[in-house]
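Dropping the sequence and predicted coords here.
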Amino acid sequence: MNRALLLVVALVAGAAFSRTARAHESRPLYIEVTEKAPLAFLVRWKIPPSVNVRNAPEVSMADGCMATTPPAPKGTTHGSLRHRSFRCEADPSGTALQIRYPLFNPSVSALVRISRLSGETHSLLASPEQTEVIIPAVESFGSVARDYLTLGVDHILEGYDHLLFLICLLLIAGTGRRILITITGFTIAHSITLALSALGVVRVPIPAVEAAIALSIIFLAVEIVRGDPNSLTYRYPIAVSSSFGLLHGFGFAAVLGETGLPQTEIPAALLFFNVGVEIGQILFVAVVIAAYQLIRFVGQTFIDRDLSIDALRPLQTPAAYAVGILASFWMIQRVATFWTT
């Protein structure tokens, strides 16, 4: 009995030791690069227990950055923290942080955290075979403007629910002047809630917002099917577009929530993301109008028929039903996530 008990204890202890050993083996080399003064950097790194002290790595910055402190003496204990200071001739953005093992590469991943004077931080993970980590470029107005402008354009053109909402607004607005006023109201409204949500002034649950956006499409589809010219929606489309624009702004902000805002150029990121959304909207509306004009041209040229808006009116009802069914599916699908998130 005692032997059996001892055997069980030994097995449990062995399993625990095995898990501990694996945990130690999985620890990465942690490197922290901190800009202490302009072009002056402190590099600190913690050697994981899995790396033999005789094979302890040296971490250095690339050419153009001179070490101002000597390397740490050999023979320190496992898991020890080491550090070196560097002064660079120019900003090290785009250069490599070098990891050098004196004996062999022990196949340990590296977690690198870079902190700049501006407050900007970057966290990078290097795979075990990597011995160099490229230091990211410093955030600048130009780079942030370019990246977030592109993000805004991509988001609106990939956001099928927003595009369907815009199509419904175009059908309800009808004429060019009303379309311009309606889209302007939508733009101003979603710009307000986008900024408020992205800056954390107003917080709303994203699943509920996404479900409400689908509901806004259903509302417009129903209005198109009814086709009542005396309804509030048809008489004052800007009121509807502005009201729902506030809602859609929270949806746009969810993208920024996933991507994150830059730490040093927040106003530029918000501005150019919003500009990107507007450019995407304008491109989409222009394509829709161009497609309509092409249909009219083909009708007049090849079938001798003017396919005006009035002539295409019978197609509005089945199209609105199709949009409403699709939006209803989206809404049900998004409401279902309330209980799974």
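Sure, I can see it.

how about the helices in the protein?
All helices of the chain, identified by DSSP state H, fall at 2-26, 141-158, 160-173, 176-198, 206-226, 232-235, 237-259, 266-302, 309-312, 316-336.

Dump those helices to JSON lines, plus mean neighbour count, distance to residue 32 and mean pLDDT.
All C-beta spots, glycine's among them, are computed from the backbone N, C-alpha and C. Converted to JSON lines, those look like this (neighbours: other C-beta atoms under 10 Å; distance: least, C-beta to C-beta, whole Å; pLDDT from 0 to 100):
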{"stretch": "helix 2-26", "mean neighbour count": "10", "distance to residue 32": "19", "mean pLDDT": "40"}
{"stretch": "helix 141-158", "mean neighbour count": "18", "distance to residue 32": "24", "mean pLDDT": "88"}
{"stretch": "helix 160-173", "mean neighbour count": "21", "distance to residue 32": "41", "mean pLDDT": "90"}
{"stretch": "helix 176-198", "mean neighbour count": "19", "distance to residue 32": "29", "mean pLDDT": "90"}
{"stretch": "helix 206-226", "mean neighbour count": "19", "distance to residue 32": "33", "mean pLDDT": "92"}
{"stretch": "helix 232-235", "mean neighbour count": "15", "distance to residue 32": "57", "mean pLDDT": "90"}
{"stretch": "helix 237-259", "mean neighbour count": "21", "distance to residue 32": "25", "mean pLDDT": "88"}
{"stretch": "helix 266-302", "mean neighbour count": "16", "distance to residue 32": "25", "mean pLDDT": "87"}
{"stretch": "helix 309-312", "mean neighbour count": "12", "distance to residue 32": "63", "mean pLDDT": "65"}
{"stretch": "helix 316-336", "mean neighbour count": "16", "distance to residue 32": "41", "mean pLDDT": "91"}
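
among the ones you listed, which is nearest residue 61?
helix 141-158 (21.9 Å; C-beta to C-beta).

Report the inter-axis angle for that closest one versus helix 176-198.
120 degrees (axes from the mean of the first three to the mean of the last three C-alpha atoms, to 10 degrees).

Give me the distance from helix 141-158 to the chain's centre.
Mean C-alpha position of helix 141-158 versus that of the full chain (C-alpha atoms, centre = their mean, to the nearest Å) differs by 11 Å.

Between helix 237-259 and that helix, find me the angle.
Using the same axes, to 10 degrees: helix 141-158 against helix 237-259 is 120 degrees.

which secondary structure elements does helix 141-158 contact?
Packing partners of helix 141-158 (3 or more C-beta pairs under 8 Å, 6 or more residues apart in numbering; DSSP states H and E): helix 160-173, helix 237-259, helix 266-302.

if I pick the residue nearest the centre of the chain, what's in contact with it?
Closest to where the C-alpha atoms of the chain average out (C-alpha atoms, centre = their mean) is residue 259, at 2.2 Å. Contacts here follow C-beta atoms under 8 Å, 6 or more residues apart in numbering; on that basis residue 259 touches residue 151.

Mind splitting this protein into its structural domains?
According to automatic domain parsing, the chain comprises the domains 27-134, 141-339.

Same list (the helices of the chain) but as CSV, adding distance to residue 111.
Formatted as CSV, these follow (distance: least, C-beta to C-beta, whole Å):
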stretch, distance to residue 111
helix 2-26, 12
helix 141-158, 24
helix 160-173, 38
helix 176-198, 28
helix 206-226, 29
helix 232-235, 54
helix 237-259, 22
helix 266-302, 26
helix 309-312, 59
helix 316-336, 36
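
What is the end-to-end distance of stretch 299-315?
15 Å (C-alpha to C-alpha, to the nearest Å).

all numbers from here: first residue = 34
All set: I'll call the first residue 34, so the last point we hit is now stretch 332-348.
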